[in-house]
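**Student:** I would like to see how this sequence folds:
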Amino acid sequence: MARQPFVEFAGNKRLLWIAEEWIRYAPRLAEWAMERIVNRRDVWSQYTIKNDRISVVMLPIKERRKLGTDMVTITKLERHFSGRSPAHLIGLHSISDHATCKWFAIDIDLHDESVPNADEIIEANKAATFEWAGRLRDMGMDPLVLDSNGEGGFHIWVLLDDEYPLADVYDFADQIRSDWADFGLPRKPEIFPPKRAVGPDDLPYTLRLAGRHHTRPHYTRVYNFDFADENEWLDGGDAIEAMMATRPAKLPKVKGAKKRSPNLREMPVKAKKTAPVQRPRVCLDLDGVIATYGKWRGFDHIGPPVPGAVDFARQLSEVADIIVFTARCSGDPGPEGDLPLLTTGQMRIKVIEWLEKHHFPYKDVYVGQGKPRVAAFIDDRAVSCSPQTDADAFDTALDSVYKILGRKARKR
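**Tutor:** Numbers count the residues shown, from 1 in each chain. This is a model prediction of the structure:
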């Protein structure tokens, strides 16, 4: 029998209100997370419930990972943020499949608040958390300080303005936590990314996304650096708005950080937050536009880059996110009626490998039904038709189609 949503929160009106806030914001959060948090879509961790015990597993199972059919999707992210069940919660990898990172985090945790010296550990956690967050702010970064479990555990999370090499991100995060013993912490805090280098099939542990806690009646709170007479910790919609307004930062190249006195109240004045700029997306066709295409040679064959295509794509990526769009990933037969031997997910992986081999910038390779939401389409067979602004649009479009099809021009 399925659990009722939020049965664990029964009687707690405030927590139920916060839960409703996360549900209300879930669609926006999912879009934001896909843009800023998701380093790779093909693997993630998922919480499960069996015999009323909550555990976590890595998905998809190894045998299905190369198929590309099980992915982190907007729907999966929205389900996490809605948090109707612990089994809907997920964790994400901090390392992409090409060894880069969009963010880093420090996990200053308290797993067992029942230990005799828990109060001392909590104070040490606070001191380290706000010292390290202060250093990051002094460097011009915009760290999120998250109350991760409501019992004295904290996360420091920093979004980056680009994908940076894994080794650089690891070294920087490791440097920030390097004086952990000076604060009296019982162990070195975990950082994400957790490794400086990974192999092709190496999947280090994930970090649970913000939102509902998997075992405690708690939702992520965000520290309010600007608080005066306002709340020190933001809940619900206020916390969510603060997260989505976080400014992605350039990764500094710093060899040493100046140590400051760990005083919770001596925080620098935070720069005014600005809403993140939503970059436009442009669909870019593969065959005939960036990949040389003459004669169809099967789904496995992708021609070499068209001369100038890489430079064109790089210039385009400065003003828009590139979504590569190709009929190869549609699952439809080829132009000679041949059927694809690969799944759409496997074909997507082949396209990604080709793009990365030739150093093309891209945001995603579209796999799905229907028309993706983008600002423009760039396609060698595209026909522009804007009858609302051009009285001759239909005639011009028909002439273009006749030309593409090799037909004689229409008589008017």
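**Student:** ok, T389 - contacts?
**Tutor:** Neighbouring residues of T389 by C-beta atoms under 8 Å, 6 or more residues apart in numbering: there are none. To be clear about C-beta, it is placed using only N, CA and C from the backbone, and glycine gets the same treatment.
**Student:** What values do phi and psi take at it?
**Tutor:** Backbone torsions for T389, taken as degrees, to the nearest 10, come to phi -120, psi -10.
**Student:** same thing with W157?
**Tutor:** phi -130, psi 130.
**Student:** Any idea what it is bridged to?
**Tutor:** Taking DSSP bridges as the rule, W157 bridges to A105, L144.
**Student:** That one and L144 touch, don't they?
**Tutor:** Yes - counting by C-beta atoms under 8 Å, L144 is a contact partner of W157 at 4.3 Å.
**Student:** So K403 belongs to a helix, correct?
**Tutor:** Yes - counting by DSSP: H, G, I helix; E, B strand; the rest coil, K403 falls inside a helix.
**Student:** ok, and what's touching the lowest-mean-pLDDT helix or strand in the chain?
**Tutor:** Lowest on mean pLDDT, DSSP states H and E among the helices and strands of the chain sits helix 62-65, with a mean of 71. Residues outside helix 62-65 that contact it (C-beta under 8 Å, 6+ apart): D42, V43, D70.
**Student:** Dump the residues you listed to a markdown table, plus neighbour count and pLDDT.
**Tutor:** Converted to a markdown table, the contacts of helix 62-65 look like this (neighbours: other C-beta atoms under 10 Å; pLDDT from 0 to 100):
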| residue | neighbour count | pLDDT |
| --- | --- | --- |
| D42 | 21 | 87 |
| V43 | 19 | 91 |
| D70 | 17 | 76 |
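**Student:** so can I have JSON lines of these showing distance to G237 and secondary structure?
**Tutor:** Shown next, in JSON lines, are the contacts of helix 62-65 (distance: C-beta to C-beta, whole Å; DSSP: H, G, I helix; E, B strand; the rest coil):
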{"residue": "D42", "distance to G237": "32", "secondary structure": "coil"}
{"residue": "V43", "distance to G237": "31", "secondary structure": "coil"}
{"residue": "D70", "distance to G237": "32", "secondary structure": "coil"}
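**Student:** nearest to T206, of the residues you listed?
**Tutor:** V43 (8.5 Å; C-beta to C-beta).
**Student:** What does the closest one show for phi and psi?
**Tutor:** Backbone geometry at V43, expressed as degrees, to the nearest 10, gives phi -140, psi 150.
**Student:** For my notes, confirm W103 occurs in a helix.
**Tutor:** No - using three-state DSSP, the secondary structure at W103 is strand, not a helix.
**Student:** That one is in contact with L92, isn't it?
**Tutor:** No - judged on C-beta under 8 Å, W103 makes no contact with L92 at a distance of 9.4 Å.
**Student:** what sits in contact with each of those two?
**Tutor:** I37, N39.
**Student:** Tell me the secondary structure of A87, please.
**Tutor:** helix.
**Student:** can you count the residues close to S94?
**Tutor:** Burial of S94 is recorded as 26 neighbouring residues (other C-beta atoms under 10 Å).
**Student:** got it, and E8?
**Tutor:** Residues within reach of E8, counting by other C-beta under 10 Å, total 15.
**Student:** And for the residue nearest to C385 when sequence neighbours are not counted, the neighbour number?
**Tutor:** In this structure, C385 finds its nearest non-sequential neighbour in A397, 4.0 Å apart by C-beta to C-beta, 6 or more residues apart in numbering. When neighbours are counted by other C-beta under 10 Å, A397 registers 16.
**Student:** give me the element A397 is part of.
**Tutor:** According to DSSP states H and E, A397 maps onto helix 393-404.
**Student:** Buried ones in that helix, by neighbour count?
**Tutor:** Going by neighbour count (16 or more other C-beta atoms under 10 Å), the buried part of helix 393-404 is A397.
**Student:** Quick check: mean pLDDT of it?
**Tutor:** In this model, helix 393-404 has a mean pLDDT of 83.
**Student:** How about stretch 171-180?
**Tutor:** Averaged over stretch 171-180, pLDDT sits at 96.
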